[in-house]
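Participant: need a 3D model of the sequence below.
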Amino acid sequence: MNGSSMAAPWAAAGFPPAVLFCTVRESLTHPNTPGSFAAPRVPGAASLQPRRPPMLDRIHAQWPNLLALAHTPTEEARAQLASSLVDLFFAEDINLNAREETLVNELLQSLLGASSHTARQELARQFAGCLRLPHTTALSLAREPLDVARPLLINSEVLTDEDLIHLASEQGRDHAEAIAQRAAISEAVADALVVTGDLGVMQMVVENLGAHLSERAIDILVEASRLTATLHRPLLTRPEMTASKASLLYWWVSQDLRRYTLQKFGLSSGQLDETLRQSIDDLLRDHAVERQDDTAMAAVANWLEERRAITPRLLPQLLRLGYFRLFLIVLSRLSHLPMPIIESVVEEPGGRMLAALCRSMNLDKANFISLFLLARGARPDDHIVHPRELSQALVAWDRLRPSEAYDMVASWHENLKTLRHTKREKNDEETETSPTPSTQH
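Facilitator: Numbers count the residues shown, from 1 in each chain. Sure, this is the predicted structure:
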């Protein structure tokens, strides 16, 4: 195609962008075909329209270089040509019609396809801030491996929310993390990033103050915060956090953050009691399959103890939920008695030992009856409490004076000290009397 084939109005303006695109495309297809590196001219054009638009001035100025690049079949030349086309035709003062945009997009796709990975990396970096980059080109580069796609995923405003949502769900964690670093993230995109379930992506979203979080996203993040402490502080400082959401997080965070939460949201004691009960329920559900595992239950008891949640009020809750082993561990820590003694106290048929322990802990009769019945029902081998057994336990409670209860429990502690002392002395004696291994010279 040359200047003589153009209609007069286009020729008067110099030549339309479509002519350039077709000429460059022809040069790319047939790089060895001789072609003029000078912009096409038509006799009389200057008299028909002496002043050309600025866009055409730039086209005429860069035409020789563009055509030379198109005739050079190297990866470097292709990358330079793609960059030049974007700089020339997608500036803010350039208006292309639909056909011209289609042609330049086809050229860019062809050039990108022929470019090396390194060249595409550089082009993606250059194109990331281009507001008028063709959408197809932007999306094509955003689907590339992360080292190519990253600049566009973070910076390109050509990519729509719908594009970003699909990229986050389809391209994997690396692309999602890059999207989470955008300066502005809508609620819809933030939802898509959060529901990936990736804790690293979640942390980047919650730390990005340019991200707008929906109530759904906050709910998911609060739930996920039980699994990682890295979400606690940035989540509590989010502007979208409310007192009700903060109360759900309260018992999962450190003591310093609990103080911060109280100061910022002013949670009531009633809210804290309710969320503690709910948090314990959630924690126990997470360990349901391990309820007979003393090691796992000891770890749960540690969590409760760190939050000062081990109180007599917790005991019936554990039994109602079927955590008999955890009940024994918590009762052991409350009474400072070892597990073997606690097991004997709970399993004693008449209930007198349990009555003494409950009285020493200042529990009332109603709480004692509740613990007695629940503990009997929670035992692996016994789910039925005979009325006579309950009657005996009530008689034991009524006959046992508080002073007697304290003396009885104190004797267990004393006996425990005696047992430990005796065992220590026995070990020392065995060490002293054990024969010294002979050494042969």
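Participant: ranges for the helices of the stretch 251-400 of the chain?
Facilitator: Remark: helices assigned in the stretch 251-400 of the chain by DSSP state H, counting those that start in this stretch are 255-265, 269-286, 294-306, 314-320, 324-335, 339-347, 352-360, 365-378, 387-399.
Participant: pick the most deeply packed of the ones you listed.
Facilitator: Mean neighbour count, computed with mean count of other Cβ atoms under 10 Å, is highest for helix 352-360 among these, reaching a mean of 23. Just so you know, the C-beta spots here come from the backbone N, C-alpha and C atoms, and that holds for glycine as well.
Participant: against which helices or strands is that one packed?
Facilitator: Packing contacts for helix 352-360, counted by 3 or more Cβ pairs under 8 Å, 6 or more residues apart in numbering; DSSP states H and E, involve helix 324-335, helix 339-347, helix 365-378, helix 387-399, helix 402-433.
Participant: between the helices of the stretch 251-400 of the chain, which one is nearest to Pro145?
Facilitator: helix 269-286 (37.0 Å; Cβ to Cβ).
Participant: show me what that closest one is packed against.
Facilitator: Short answer (3+ Cβ pairs under 8 Å, 6+ apart): helix 269-286 packs on helix 243-250, helix 294-306, helix 314-320.
Participant: so how far is the second one from its chain's centroid?
Facilitator: Here helix 294-306 shows a centroid-to-chain-centroid distance of 25 Å under the convention Cα atoms, centre = their mean, to the nearest Å.
Participant: make CSV from the helices and strands packed on helix 269-286 and add distance to Ile280 and mean pLDDT to it.
Facilitator: Converted to CSV, the helices and strands packed on helix 269-286 look like this (distance: least, Cβ to Cβ, whole Å; pLDDT from 0 to 100):
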stretch, distance to Ile280, mean pLDDT
helix 243-250, 13, 90
helix 294-306, 7, 90
helix 314-320, 7, 88
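Participant: a markdown table for those, including distance to Met361?
Facilitator: Formatted as a markdown table, the helices and strands packed on helix 269-286 follow (distance: least, Cβ to Cβ, whole Å):
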| stretch | distance to Met361 |
| --- | --- |
| helix 243-250 | 27 |
| helix 294-306 | 16 |
| helix 314-320 | 9 |
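Participant: low-confidence ranges, the stretch 51-200 of the chain, go.
Facilitator: Filtered on pLDDT under 70, the stretch 51-200 of the chain yields the residue ranges 51-67, 69-75, 77-79, 81-82, 85-98, 100-101, 104, 111, 114-115.
Participant: closest one to Arg333 among the helices and strands packed on helix 269-286?
Facilitator: From the helices and strands packed on helix 269-286, taking Cβ to Cβ, the stretch that ends up closest is helix 294-306, at 6.5 Å.
Participant: with just CA atoms, put that closest one into CSV.
Facilitator: Output of helix 294-306 as CSV, limited to C-alpha atoms (Å, rounded to 0.1, in the frame of the first residue of the first chain):
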residue,chain,number,x,y,z
ASP,A,294,-4.7,-35.9,76.6
THR,A,295,-1.9,-34.1,74.7
ALA,A,296,-4.2,-32.3,72.4
MET,A,297,-6.6,-31.4,75.3
ALA,A,298,-3.7,-30.1,77.4
ALA,A,299,-2.9,-27.7,74.5
VAL,A,300,-6.5,-26.6,74.5
ALA,A,301,-6.2,-26.1,78.3
ASN,A,302,-3.1,-24.0,77.7
TRP,A,303,-5.0,-21.7,75.3
LEU,A,304,-7.8,-21.3,77.9
GLU,A,305,-5.3,-20.6,80.7
GLU,A,306,-3.4,-18.0,78.7
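Participant: so that helix versus helix 324-335, what angle?
Facilitator: 40 degrees (axes from the mean of the first three to the mean of the last three Cα atoms, to 10 degrees).
Participant: out of the helices and strands packed on helix 269-286, nearest to Ser360?
Facilitator: helix 314-320 (14.0 Å).
Participant: what is the closest one packed up against?
Facilitator: By 3+ Cβ pairs under 8 Å, 6+ apart, helix 314-320 packs against helix 269-286, helix 324-335, helix 365-378.
Participant: check these for me: which has the lowest mean pLDDT.
Facilitator: Note on the helices and strands packed on helix 314-320: lowest mean pLDDT is at helix 269-286, with a mean of 82.
Participant: so what touches that one?
Facilitator: For helix 269-286, contacts defined as Cβ atoms under 8 Å, 6 or more residues apart in numbering pick out 226, 243-244, 247-248, 250-252, 291, 300, 303-304, 307, 309, 314, 317-318, 321, 323, 326.
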